[in-house]
Structure formats: C-alpha cells, structure tokens
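Chemist: here is the input, now give the coordinates:
(one chain, ligands or ions: 1)
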Amino acid sequence: MADKSFVIAVAGNPNSGKTSLFNRLTGSNLKVGNWPGVTVEKKEGEICRADISFTFVDIPGTYGLSARSEDERIAMDFLTKARPDAVIVVLDSANFNRNFYLFTLIMEMGLKVIPVLNMTDMAEKRGITLHTDRLAAIFGIPFVKTIASRGKGISALWKVLEGVGELRKPVHLPVYPEPVETAVQVLMERFPKEASSRFRALGVLDGGIVIPGNDELRKTVARFQGEIEEELQGEPDELIAEKRYEFVYSVAKECVERRMSTEQKVALTDRIDRFVTNRYLGGPLFLFAMWLLFFLVFTVGNPFADWINRGFGVLSSFVPGSGLFASFIREGLIAGVGAVLVFVPNIFILFFLIAIMEDSGYLSRAAFVADRFMHALGLHGKSFIPMLLGFGCNIPAVMAVRTLENEKDRVLTALAIPYMSCSARLPVYLLFVGIFFTRYQSTVVFSLYLLGIFIAVLVARTLRRIFFTKAVSPLVMELPAYHVPSVKTAAHSAGIRTLFFIRKAGTFIFGSVMVIWVLASLPLGVPYASAQSIIGRIGSAVAPVFHPAGFDSWQAAVALIFGFLAKEVVVGTFGVLYGGQAALSSAIGAHFSALSAMSFMVMTLIYIPCVATIAVIRREIGTKWAALSVGISVTLGYGLAVVVFQVGKALGMG
Ligand code: BGO
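Modeler: Numbering: from 1, shown residues only. Below is the predicted model:
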C-alpha cells in the first residue's frame, strides 16, 4: 500500500511531447476512457514509486484555457474543478514563448506546477538555450529539462514528483494595471470556494469563462469591463492577453538565450553571399564597403584628431624661451612627432574597421569577388588577401605571401603590395585633404586607395607578362560562415596595431625628425629651417627634380627623401620644418596648390613604402626583386606625379 497518493495532470500545447512524456511516466499502466459528456479521449495512468501512488491524467493539448473550444474547456474544467495535486506542464523548449503562455495561465490557477522543458534537443539545434537556474530563481520552483522521445530527463522529473507534497506554488505571476487588479480583487470574493479564484476572476473579465447564471454578477462584471475600457482605452480581453504576453517576453528575455545554430548560420551565409559574391553586385558592394571605411575614418576620427591637435598647440605654448632647447622641444618634438601622432584616432578607426571586416568573414569574400578580376590580370584571387592586409601595413602583408602556393604568385604579390596604401600614408593624405579638399576628404582618399590597387595589379600584370607566362590555377577557397564580429576583439587588435604606430612615432619617427631638426638647425647661426641650413641646401639641390610634378619647395623634397625611411616621416618633416599644426597648414597652403597637393599625394602613395618593407621583400623573394621593386616604384611614383600635374595644368586645374 502506498503511503500517499497524488493526482497529477499532464498539460501542454499540442505537439509539445505531452503524450511521449505521459507514456514515459506511466509505461503500460494505462486506462483509456472519455471525458464526461464528450467523445474526447481521456487517458489515465497509475503508478507507484517510492511508496507514493501517482495518478497521471493526460488533459487535452491546448494553447489557451477558456470555454471557447471544447478541448480548452475540458482542460480548464479539470484543472479548476477537479484540482489535481499538481500539474506537469510540458513546454516545447524550441517554441518557448507560445508554450510559456499556457504555463502562465496554469500558474494563475493557483495550482502547484511542475514545468518540464521538453524538446531541448530541438532547441539546441536551433541555437536556443534555456537557463533553468534563472527560471527556478524567478519562480521558486524547479524546472526539469527533458527529451521525452528518448526518455532523457525522466529520472530528474521523478525526483521532483517524489517531493511533490513539499513543492511550493510559483511565486511570480503577471500583475495587471490598476483597474484590472481592483476588479479582480472584488470578483475573487464572488468565487470564495474556488481555489482558482484569481484565474476565474480574470476569466469572467476577459470573457474566457461563461458567467454563472447570476444577473448581479453579470452586471458587476459589465461595470468593471466598462471602467477598464474607459480608463485603459482598450478591451479587457486584449489588455489582459497583452499583459500576459509581456510577462512571457520578460521571462524569455531573462532566461532564453538565442544563438544562431550552425545550420542557420550556413543558411544565412548563403543568403548574404548571394548578394555579396554576386557576379554583378560583388564588385560595387566591395567598392562601397571601402568608401564607407574611409568615410568613417574621417567622420569619426577627425573630431578626435582635432582635440589632439589642439592639445599639442597648448603644449607648445607652454614651452618657454627661444633658445636651442626650446626649439628642439617645440619644432622637433612637438611639431615633428606631434604632426604624426595627431592622426592616431584615424589610424585606430582604420585598423578597427579592417579587423571588423576580417572578423565578420567579409575580407575573404572580397578576395573571392576579386578573383575573377585578379585572374584577368594574371594574379591569383588568394593574392588579394595579403594585398588587402597591405592597407594596414605593407610589412606583414609581404610576409603573408608565404601562404601562397606557387613562387610566381608569391613574387608578383610581394611586388604588388607596396602600392597598397598603408596606414603610414594616411597621415600624409589627411594633412593634405584637410587643407585642400575639405569637402571631399573621404572621396579623394578613397580614390587614392583605388589608384593604389590599380597600380598594384597593373605592375603585377606587366611583370607576369615579362617574367612568368604560365596560366593561373583556379581559386579554391573556403569561405568561412559570416558571424557577428566581436567589437572587443577588433578593438583589441586595432589597439595593438595603433600602439605599434605610436611606438614607431616615439622611436623611429622621433629619431628621423630629430635628425631633420639637427640638420635644420645647422650650421649654427643660420636661421632655423632656412634654405641656408644643411637640410635646406640638400632640399634645394633636389627640389628642381620635382618641378615638373608641381612641388618644387625644398621642404617637399626633404620630406620625400626622408619619407624613404617611413611615410609618417613625410608629415613629421613638414612639422619640423614648418612648425606646429597651425603654421603647418598655412605653410603647406602657401607652397602647394590643390593640383600639386594631389600630385604630391600620388607620389607619396607610389614610391617605395619604407625601407623596412623593402627589407622584407628582399628576405621573402630575393635581392633582385627587391631592387626591381624600388626601381619601379620610384619611377612610377615620379612619373605619375608629373602626369597628374601636367595633365591637370593642361586642363586648367592648376
Ligand atoms: C512523432 N525531442 C524530439 N526531437 N522529439 C520529441 C520530443 C523531444 O524531446 N518529445 C516528443 N517528441 P507527442 P503531443 C514523429 O510522433 O508526444 C516527438 O502532441 C513521427 N510520428 O516523438 O505526440 C514525438 O502529445 C514521425 O514525434 O506530442 C512526436 O504533445 C517522425 O514529437 C512529436 C518524427 O510528440 C510529438 C516524429 C509518426
């Protein structure tokens, strides 16, 4: 003989796995009959465990509980009138919100509930995780996870069932707006003998329960409904349902985590790729992405750059005196290194956005899109990735050619990379477009980057024609699934690269501008940074060479000579020779025109990126190719700068 006996109802939405769970609990101890007065099947199963007798009653699967449909009425009547000792509510975890709505209604009946989160396997597949610990903390009752079709989680459910006598009722229920709660409190007193009085009060208010043949009650309910409508401007049934859904959503927000499943990711990736790698759309989309990149580099970065600039101005004004030391600090350190550091925010944003593109999976698509174009030019699509990396810094980009399988691709890509506009060139562009092209900053810089790509592929194509003739192997590339890029990772990677830039400014560039400062201060007695200084004489000797390109000031010549070391030094040199930012802008404005500024930027873009890149090219593909790279880039840079200036002049632009 069992010590205790409990009647447990099994409720749930249709297809939540209720029957499977019921069968798991009752085994073959089944009694099938009909619900009283109807032909709807009623299943009951009795089983004894741990000296407790359990009678499970399978109630019809429903989405709601009202008198509006027969199944719902049967379920509601059994729960409110027969009052089982507890109700197992089977919830389909993969459709949590819809299932939790029914659970909310049953909780409102004031019954003990045992929520069973079934179909957890399906939920996992769809990337849905339910946090049972959070649910348990909110409602003060245990939640059991199951896979009823495989019998998983059933023993955990039995444990809860065995303790059903001590089980608490849920402690968290929906709260309705004031007029509804007032009506509920009054109406609950009309059902004093009903344990489900709150549910019933809400039921008569929202019309889900037929009001017993009592005229007075009917009038009271109608009065409350009228008051609610007037105060809350809505039908009571809609208001109540809305509150219940809000309640469900708030619980789901806390306790349901939705990730994208692998299948969903692949499906989404395919859908995105239909546009991104589309034959006709892929190219324009890539160009748009690039344009957007520079637009953001400017719009987001410039205000910060201005602050830093002002900061250096203030710093400079604090340096007292006019002696050699003061000049060293003001013209050398602050103006020279400061001129480069001003652009740290823009550089950070550039690195950040490149990292976002890389992390999201877009960069591989860019290579894929570029493949056809690259093939036409005799390069492999895969070469495009090192080339794109070149936007950050040419040095690691050249190192990345190691990933290419054949020597021809390695050589051609390494020779193409120096034309990819690295972040060190950006300060030069930023300086010039800020003075001459204020309204079209991002478009001008975007065009320079495009020109870089164009020259890169042109050089590669020409060299292939001369040195390599074999056909290009087709691109076999695995495109990773897209995923939401991690802002933290991108910021971290951008932070590291920016720090490298800052460190370079503090060491290598600092050293270079110091040399320039010394050469600008010597011989002693000549005015600082004048044409009589050593640097002035060197510059003046070289400057005529650049006359056809439109910039023949000796300062520009010095900047380009020292730019061999690193492109940031170009800006640093101007800083040292012209003084702080304000003086710098007006001096450059006086020495350049918009056209000569353009030809100067073209020259800066194309002639050798820096000595370090050349050293890496030499290490990766040999001295012969490194020497060729220097030769081509200087000739091309100079040649194109002259073409830009002369053509512009002929068109009346200069
Ligand atoms: C078929 N996980 C999974 N993946 N499936 C489950 C789970 C679970 O946790 N629990 C139940 N199912 P019912 P209602 C079926 O019948 O118990 C499955 O309406 C099929 N049938 O096996 O009937 C369960 O009582 C052919 O699946 O739910 C059943 O609440 C192919 O969910 C379905 C595949 O369970 C509904 C499945 C001929």
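Chemist: from here on, just use CA atoms for contacts and neighbour counts.
Modeler: Will do.
Chemist: three-state assignment of residue 68?
Modeler: Of the three states, residue 68 takes coil under DSSP: H, G, I helix; E, B strand; the rest coil.
Chemist: hmm, residue 208 and it touching each other?
Modeler: Yes: Residue 68 lies in contact with residue 208 (C-alpha atoms under 8 Å); the separation is 6.7 Å.
Chemist: more neighbours, the two?
Modeler: Taking other C-alpha atoms under 10 Å, residue 68 and residue 208 do not tie; residue 208 has more neighbours (17 against 13).
Chemist: how close does residue 576 get to the ligand?
Modeler: 72 Å (C-alpha to the nearest ligand atom, to the nearest Å).
Chemist: following the host helix or strand of that residue, which helix or strand comes up?
Modeler: Per DSSP states H and E, residue 576 falls inside helix 568-578. Using DSSP H and E, the helix or strand that follows helix 568-578 in sequence is helix 581-591.
Chemist: and that next one, how far from the chain's centre?
Modeler: How far helix 581-591 lies from its chain's middle: 40 Å, per C-alpha atoms, centre = their mean, to the nearest Å.
Chemist: what packs against that helix?
Modeler: In terms of contacts (3 or more C-alpha pairs under 8 Å, 6 or more residues apart in numbering; DSSP states H and E), helix 581-591 is packed against helix 426-436, helix 568-578.
Chemist: only alpha carbons, please: show the last one as PDB.
Modeler: Only the C-alpha atoms of helix 568-578 are listed here, as PDB (Å, rounded to 0.1, in the frame of the first residue of the first chain):
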ATOM      1  CA  GLU A 568      54.900  59.100 -41.500                       C
ATOM      2  CA  VAL A 569      58.200  60.900 -41.600                       C
ATOM      3  CA  VAL A 570      56.900  62.900 -44.500                       C
ATOM      4  CA  VAL A 571      54.400  64.600 -42.200                       C
ATOM      5  CA  GLY A 572      56.900  64.700 -39.400                       C
ATOM      6  CA  THR A 573      59.400  66.500 -41.700                       C
ATOM      7  CA  PHE A 574      56.800  69.200 -42.600                       C
ATOM      8  CA  GLY A 575      56.000  69.500 -38.900                       C
ATOM      9  CA  VAL A 576      59.700  70.100 -38.000                       C
ATOM     10  CA  LEU A 577      60.400  72.400 -41.000                       C
ATOM     11  CA  TYR A 578      57.200  74.500 -40.900                       C
END
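Chemist: and it, what does it pack onto?
Modeler: Against helix 568-578 (3+ C-alpha pairs under 8 Å, 6+ apart) you get helix 338-341, helix 426-436, helix 510-521, helix 554-562, helix 581-591.
Chemist: and if we set it to 6 Å?
Modeler: helix 338-341 (3 or more C-alpha pairs under 6 Å, 6 or more residues apart in numbering; DSSP states H and E).
Chemist: not counting its own residues, what contacts the helix it packs on?
Modeler: 572, 575 (C-alpha atoms under 6 Å, 6 or more residues apart in numbering).
Chemist: same question, stretch 570-584
Modeler: 331, 332, 335, 336, 337, 339, 340, 428, 529, 559, 563.
Chemist: what average pLDDT does the helix holding residue 576 get?
Modeler: Here helix 568-578 scores 84 as its mean pLDDT.
Chemist: also stretch 601-617?
Modeler: 89.
Chemist: contacts for it next, please.
Modeler: Defining contact as C-alpha under 6 Å, 6+ apart, one finds that stretch 601-617 is touched by 395, 418-419, 564-566, 626, 630, 633-634, 637-638, 641.
Chemist: neighbour-wise, which of the contacts of stretch 570-584 leads?
Modeler: residue 336 leads these on contacts (other C-alpha under 10 Å) with 34 neighbours.
Chemist: helix or strand: which one has residue 184?
Modeler: With DSSP H and E as criterion, residue 184 is part of helix 178-188.
Chemist: which SSE is immediately downstream of that helix?
Modeler: Following helix 178-188 toward the C-terminus (DSSP H and E): helix 197-206.
Chemist: and the contacts of that following helix?
Modeler: Contacts of helix 197-206 (C-alpha under 6 Å, 6+ apart): 108, 109, 184, 187, 188, 191, 209, 236, 237.
Chemist: next secondary structure element downstream of that helix?
Modeler: The C-terminal neighbour of helix 197-206 among helices and strands, as given by DSSP H and E, is helix 215-232.
Chemist: what residues sit buried inside that following helix?
Modeler: 218, 221, 224, 225, 226, 227, 228, 229 (16 or more other C-alpha atoms under 10 Å).
Chemist: JSON lines please, covering these and showing distance to the ligand.
Modeler: What follows is the buried residues of helix 215-232, written out as JSON lines (distance: C-alpha to the nearest ligand atom, whole Å):
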{"residue": "218", "distance to the ligand": "36"}
{"residue": "221", "distance to the ligand": "35"}
{"residue": "224", "distance to the ligand": "37"}
{"residue": "225", "distance to the ligand": "35"}
{"residue": "226", "distance to the ligand": "38"}
{"residue": "227", "distance to the ligand": "39"}
{"residue": "228", "distance to the ligand": "36"}
{"residue": "229", "distance to the ligand": "37"}
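Chemist: adding distance to residue 278, write the residues you listed out as CSV.
Modeler: As requested, the buried residues of helix 215-232 are exported to CSV (distance: C-alpha to C-alpha, whole Å):
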residue, distance to residue 278
218, 66
221, 63
224, 61
225, 58
226, 59
227, 60
228, 56
229, 55
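Chemist: quick one on the thing from earlier: and the contacts of stretch 570-584, which two are the farthest apart?
Modeler: 428 and 529 (20.3 Å; C-alpha to C-alpha).
Chemist: do I have it right that residue 91 meets residue 117?
Modeler: Yes: contact criterion C-alpha atoms under 6 Å: residue 91 and residue 117 qualify, at 5.0 Å.
Chemist: looking at the two, which is more packed in?
Modeler: residue 91 (31 against 27).
Chemist: contact partners for that one?
Modeler: Per C-alpha under 6 Å, 6+ apart, neighbours of residue 91: 16, 99, 116, 117, 118.
Chemist: which of those lies closest to residue 6?
Modeler: For the contacts of residue 91, the nearest to residue 6 is residue 116 (17.9 Å; C-alpha to C-alpha).
Chemist: so that closest one bridges to which residues?
Modeler: Taking DSSP bridges as the rule, residue 116 bridges to residue 90, residue 144.
Chemist: packing partners for the longest helix along the chain?
Modeler: For the chain, the helix with the greatest residue count under DSSP state H is helix 282-317. If you count contacts as 3+ C-alpha pairs under 6 Å, 6+ apart, helix 282-317 packs onto helix 344-360, helix 441-467.
Chemist: what residues of the longest one count as buried?
Modeler: Of the residues in helix 441-467, those buried by neighbour count under the rule 16+ other C-alpha under 10 Å are 441-446, 448-453, 455-457, 459-461, 463-464.
Chemist: for my notes, confirm residue 47 occurs in a helix.
Modeler: No: read with three-state DSSP, residue 47 is strand and lies in no helix.
Chemist: could you look up the SS state of the residue positioned nearest the centre of the chain?
Modeler: Computing the C-alpha centroid of the chain and ranking residues by C-alpha atoms, centre = their mean puts residue 485 first, at 3.9 Å. For residue 485, the assignment made with three-state DSSP gives coil.
Chemist: distance of it from the ligand?
Modeler: 32 Å.
Chemist: give me the nearest residue to that residue, chain neighbours excluded.
Modeler: If the residues on either side of it in the chain are set aside, residue 485 comes closest to residue 360, at 4.7 Å by C-alpha to C-alpha, 6 or more residues apart in numbering.
Chemist: doesn't residue 483 make contact with the one you found?
Modeler: Yes: taking C-alpha under 6 Å as the definition, residue 360 is a contact partner of residue 483 at 5.2 Å.
Chemist: what's the neighbour count on residue 394?
Modeler: 30.
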